[in-house]
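[1] structure for the following, please:
(2 chains)
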Amino acid sequence: MGVCQECLVTIDGHPGRRACAVSVSDGMQIQRQAVRSPLQWGAGAYVTPARTVIEEPDVLIIGGGPGGMTAGAIAAELGAEVVVLDDRARPGGQYYKQPAALAQRPPSLVRDRQYADGKRLIERLERAGAHVTPGVEVWGAFADGVIAASNGRTTTLFRPKRLVVATGAYERAVPFPGWTLPGVITTGAAQTLLRAHGVLPGRRILVAGNGPLNLQVALELQRAGAEVVAIAQEATSLSWRAILPASGMLSAAPRLAARGIALLASLRAAGVPVLGARNIVSVERADDGLRVSLRCVAVDRVDHEQTFDVDTVCLGFGFLPNSEILRLLGCRHRYVHKQGALHVERNRELETSVAGVYAIGDCCGLRGAPTALQEGIVAAVSAVASLGLPVPRAARRSLVQARFHLRRHRAFQSALWSLFRAPVRGCEFATATTPVCRCECVTLADVKRAIDDGCSTPADIKRRTRLGMGACQGRYCLPALLVMLQRDGTWRGHEYSVPAPRVPVRPVRLCELRPTTRMQSTTPP
Amino acid sequence: MIAAPDMRFDDIVIGGGITGLCLAWFLGAEGAAVACLDGGSGGGSRANAGSLHVQMQSRLERQFPDRLSAFVSALPIYPQAVDFWSGVAAALDEDIELQLGGGLMVADDEAQLAALAAKCVIERRCGVETSILGRAELLRLAPWLDPQVAGACHCPQEGKVNPLLANAAIRRKAQQNGAVFFDDCLALRIEAEGHAYIVHTDCGRFRGARVVIAAGAGSEHLAKSLGFRLPVRAEALHMNITDAAEPFMHHLVQHADRPITLKQLANGQLLIGGGWPAHNVQQPATPQVGLDSVLGNLDLACRMVPAIRDLRLLRTWAGINPTSDLLSILGGVDSLPGVYAAIPGDAGYTLGPWCARQLVDDMQGRRPDYPLELFTPSRF
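    Have a look, this model is predicted:
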C-alpha cells in the first residue's frame, strides 16, 4: 500500500496526495486529480525560503516499525539524542499497524496482541525521550551522509552522527491478466484498511499467493465480517500435519509455531478453505464483481481450473526490501537469486559497508518482526557504544541475548519458509497483453520486443520501453523483470546491474524541496 | 554478442552515443561494413535530455571567457545542425517527438536584458535568428512565466527531441543499413597494423581499415594509445523530471544569467536540467546526483515558472557531458591516415547528427557543407 501512486487526490487545495495514506477527517475538501494536472498561472511569485536548518542528532532512525522503534527507545535510554522518522500518520509500521483513531478499531481486533505490543513500544519510545516525527517521508539520501525528508510542506535536512535504516519492506507485485483492476489489492493493503482504518476492503474475498501473512489476514477479514471464499496458496500442502515435521520450527520458536497451528485450526473452524498448489490465472470483471480463475498445479491434478466470483482479491506474493536509501548511500549489496532482490551487507554490529550507517529488519532481507526487534537492540547498543557514550552492563547483556534470539529466529524462519516453498515470481503469470509496468502501460509483449531488439539489461529495457519510469519508480515492475531475466539466463544480477534507485526516493512536490543556506552561500555554477 | 578474435570490418566506430549511432548509419548507407562498439556504461547520450540549442548558452561566457571568440566563429553550425535534425526525423520510420517550438532565454532585470541584446547582435551576424522581447510581448507568448520577468531573447530555431526514442530509432536505421552493434564492449586501446587498425576491447579484437573515435569523454585515452592528444574531460551534469502536466510549454526555456533548461515532453512531463553539476564516481560507473543541484536547479525552475511548484519530482539523474575547448573535434588525424575523431562541441546532442554527416562526407572524399579546418583533431 502506498506504492502505486494511482490514488492521487487534491486535499484542501494541495494536489498529489495519496488517498491510501491519508485518513479522512471532518471538513476535508477532497477532489479527484486529473492524470495530467492542469496548471494555473498567476498564483503569485515563488519565494525561495530563507533558510533550512541541518539537524545533527546523535542517532537518526528512518522507519518507525518494530526494529526502528526498538532501536530508538534503546539508543535514547542510553542517553543518545535520537530522532525517529516515519512516513505514516502514526508510528508502528506494517507489523503493529496502529489505528488511525481508536474509535475505528474493529471489534474483532480489540484484544489483539499486535496492537497492544505496538502501543507499549510506542510508549516506551516516547518515555525514553526520543523525538518521534510521524508523517515524514525521506526523499533523498546523498553520498555525503545528508538525509532529506519532507513533512508534506517543507524539507528538513539531517546529518546524523549515526544512521539506522529500518525502512522495512513492501509487497511484491506479480503481473497477471487483471492485476490492475479495481478490487485487486495486496494482502497487506487489506490488513491496513482493516487495522488502521476499521474498513473491510470487500464482502466476498479470495486471498491468493503465498506465505503466512495471507493466512493471518484471511482470518482477520473473516472475523471482521467478510466472507473469505478461499485461500489459494502456491505451496503444495498446508496443514498442522505438515507443520509437525518442520520440527525445526517447534524447537526454534515453540510459541510462534503454536500460534501458526492455532491459526490453521481457527481457519478450519471458521470454514475458510485453504487450497494448496494453486496458481492465479486471471481476474476478470464479472456482472457483479470479479471472477478469479485459479489453476491447480498439484502433480496429480495439473491444469484443473477453478473459478470464484468475488468482489475483492487479496494478493500476497511476499515482500521486497525497501533498500533505496541504503543503495543511495553507497552501502554494498549482493543480489540474492532465490529472493530476486538485492540484500545489504552488514557486519556483526549490523553496520553496513558505509561507516556509521546501520541497517536492521526487513529492509535487509525478509525475516519478520521478531528479528527486527532483536536487530534493533544490536544496532542501538553498537551505535551508542561507537559514539563513545557509556554502555552499562545491562545493555551489553541485552546485546548478547539479542544475538542468541536472532540465531533462533533464523532457524525458525528457514523452517517456516520450507513450508511455504514456492519460486519467487516474475512474469510467468502474465500474457502478452498484460501490463508489466502499470504506470507507463508497458506490456509483456513490449518487453519481449525490446529483448528481441537487442536490449539485454534492465537499464536497456527501461530506456527502450519506459518500464520503471512512472510514479511507482519501478517498485512493481522492475523486480518482476529482474526475475524474468534471471530465469531466462541472459542476465546475471549483481549490485550494479540492477538499475540504481534515483532521488527522490518517493515523488515529492517541487515546493517541498527547500534550498539550504549552505547551498545559497556558494556561487552558482 | 562476443566477437571472435579479429573481427574484420571496413569501418569501426568507437562509441554508441548520438554521434556514433549516426556515423554507423551514414557509413553503412555508403556501403561500408561497419561495427559500432559501445562500452555500455551509464553516461553519454543515454542520459541526455534532448534540448536542441541554437542560442549561445549563458554559462559559456562565464565558464570560458577566453574561448568565446572561437566559439562565435562556430555559431553558424548550430542552426544548420537543428535543420539537419529535421531531416533525420523525416528519414526515420518512427516519431522521435522532434518539436521546434523555439527557445526563450529569460532575463530577470534590465541589466540581463541588455546583455542578451548584445548577444543578439553577435548571433544575428552568424545567421542565428534571435530577437529581444519585452515583458508584455514575452508574457503574451509565455503567460506561465513569473510576471516580474524583464524580457527574453527569442530564437525560433530552437527545439527539443526525445532522446530515448531518437537513439532507438537511429540505431534501428543503422542496423537496416548493415551496421553491426557490439554493446558492453569497451574499447581499451587502438594499434596500427600495416594499413589497418586493431581495436582491442574487453570482448575481443576488431580490425578495420578506418577507425572513428566517437567515444565522448572516453576518447582521450584511445587517442593516447595511438600517440596523439585529444583533451576531452568528463563533466557530470544533473537532470530532473516531474510528473505530467497538461501541455503548456512549447518553448525550450533558459535563463539569461543562471544555468537551466526547462522543457515539456510530449507526454506532459517537465524535463529540467541545464548544467548543474553532479559527481563523477568510479563505482558504479554512473555519475551520482548531489543535494545542492537538486535544490538549486528546481528552486530556480520554480522561480521562473511558479505554477510548476505543485508538480512532483519523479526522478533525477546525472549524465556525462564531454567537454573540450567548446569546439567540435571533427575530422581525420593528420599523422594517422584512416583515424578520425568525432566529438561534438558544446550541446553535443544538438550537433551529433550534423557532425556525423560532415565527417562521413569528408571520409568519402566529398566536400563537407562546412569547412572542417576549425574542428581538426590535430589542433591540440
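
[2] which ones are touching residue B:117?
    B:132, B:153 (CB atoms under 8 Å, 6 or more residues apart in numbering or on different chains). (Each C-beta comes from the backbone N, C-alpha and C, glycine too.)

[3] okay, buried residues for the lowest-mean-pLDDT helix or strand in chain B please.
    Sorted by mean pLDDT, DSSP states H and E, the helices and strands of chain B end with helix B:58-63, the least confident at a mean of 74. Judged by neighbour count (16 or more other CB atoms under 10 Å in any protein chain shown), helix B:58-63 contains these buried residues: B:58, B:59, B:60, B:63.

[4] are we agreed that residue A:229 is in a strand?
    Yes: counting by DSSP: H, G, I helix; E, B strand; the rest coil, residue A:229 is part of a strand.

[5] roughly how far apart are it and chain B?
    38 Å (CB to the nearest CB, to the nearest Å).

[6] in this structure that residue contacts residue A:311, no?
    No: Residue A:229 lies out of contact with residue A:311 (CB atoms under 8 Å); the separation is 10.3 Å.

[7] show me the common contact partners of those two, please.
    A:204, A:205.

[8] enumerate every residue touching the residue in the stretch 101-250 of chain A that chain B sits nearest to.
    Chain B sits closest to residue A:142 of the stretch 101-250 of chain A, with a gap of 4.9 Å, by CB to the nearest CB. Neighbouring residues of residue A:142 by CB under 8 Å, 6+ apart: A:148, A:328, A:329, A:503, B:289, B:290, B:291.

[9] make it 6 Å
    residue B:291 (CB atoms under 6 Å, 6 or more residues apart in numbering or on different chains).

[10] list phi and psi for it.
    phi -120, psi 160 (degrees, to the nearest 10).

[11] tell me the pLDDT of it.
    Residue A:142 is assigned a predicted lDDT (pLDDT) of 93.

[12] any idea how far it is from residue A:168?
    22 Å (CB to CB, to the nearest Å).

[13] for stretch B:364-380, buried residues please.
    By neighbour count on 16+ other CB under 10 Å, the buried set for stretch B:364-380 is B:368, B:370, B:372, B:374, B:375, B:376, B:377.

[14] end-to-end on it?
    25 Å (CA to CA, to the nearest Å).

[15] so how far is that stretch from its chain's centroid?
    Put simply, stretch B:364-380 sits 19 Å off its chain's centre (CA atoms, centre = their mean, to the nearest Å).

[16] what's next to that stretch, contact-wise?
    By CB under 6 Å, 6+ apart, stretch B:364-380 touches B:30, B:229, B:231, B:327-331, B:333-334, B:341, B:358, B:361-362.

[17] about what we covered before: which one of the buried residues of stretch B:364-380 is nearest chain A?
    Lowest distance from chain A to the buried residues of stretch B:364-380 (CB to the nearest CB) belongs to residue B:375, with 26.5 Å.

[18] name the SS class of the residue lying closest to that closest one once chain neighbours are set aside, please.
    For residue B:375, ignoring the flanking residues on the chain, the nearest one in space by CB to CB, 6 or more residues apart in numbering or on different chains is residue B:330 at 3.9 Å. Per three-state DSSP, the secondary structure class of residue B:330 is strand.

[19] residue B:330 touches residue B:354, doesn't it?
    No: using CB atoms under 6 Å, residue B:330 is not in contact with residue B:354, being 9.7 Å away.

[20] export the buried residues of stretch B:364-380 to a markdown table and tack on pLDDT?
    Listed next are those as a markdown table, based on pLDDT from 0 to 100:
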| residue | pLDDT |
| --- | --- |
| B:368 | 89 |
| B:370 | 89 |
| B:372 | 93 |
| B:374 | 93 |
| B:375 | 96 |
| B:376 | 96 |
| B:377 | 97 |
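
[21] quick check, nearest of the residues you listed to residue A:449?
    residue B:368 (37.5 Å; CB to CB).

[22] which strand or helix spans the closest one?
    Using DSSP states H and E, residue B:368 falls within no helix or strand.

[23] so where's the stretch 301-450 of chain A shaky on pLDDT?
    The stretch 301-450 of chain A contains residues with pLDDT under 70 at A:301-303.

[24] ranges for the strands of it?
    Along the stretch 301-450 of chain A, counting by DSSP state E, counting those that start in this stretch, strands occupy A:304-310, A:312-316, A:319-321, A:333-336, A:341-344, A:357-359, A:435-437, A:442-443.

[25] of those strands, which is nearest chain B?
    Closest to chain B of the strands of the stretch 301-450 of chain A, according to CB to the nearest CB: strand A:333-336, at 11.1 Å.

[26] now that closest one: buried residues?
    A:333, A:335.

[27] got it, and stretch A:354-374?
    Using 16+ other CB under 10 Å as the test for burial, stretch A:354-374 gives A:354, A:356-374.

[28] show me those that map onto helices.
    Mapping those onto helices (DSSP state H) picks out A:369, A:370, A:371, A:372, A:373, A:374.

[29] how close does the residue lying closest to the third one once chain neighbours are set aside sit to residue A:367?
    The reference is to residue A:371. Sequence neighbours aside, residue A:409 is the residue nearest to residue A:371 in space, at 4.6 Å (criterion: CB to CB, 6+ apart). Distance of residue A:409 to residue A:367, computed by CB to CB: 7 Å.

[30] find residues that contact each of those two.
    The contact sets of residue A:409 and residue A:367 do not overlap (CB under 6 Å, 6+ apart).

[31] how many other residues sit next to residue B:334?
    12 (other CB atoms under 10 Å in any protein chain shown).

[32] which one of the buried residues of stretch B:364-380 sits closest to residue B:130?
    residue B:370 (20.4 Å).

[33] tell me the secondary structure for the closest one?
    Per three-state DSSP, residue B:370 ends up coil.

[34] same check, this time on the one 4 residues further on
    With three-state DSSP as the basis, the three-state label of residue B:374 is helix.

[35] and residue B:137, by the same measure?
    Applying three-state DSSP: residue B:137 is helix.

[36] who does the residue nearest to it when sequence neighbours are not counted bridge with?
    The shortest distance from residue B:137 to any non-neighbouring residue, by CB to CB, 6+ apart, is to residue B:151 (7.9 Å). Using DSSP bridges, the bridge partners assigned to residue B:151 are residue B:107, residue B:134.
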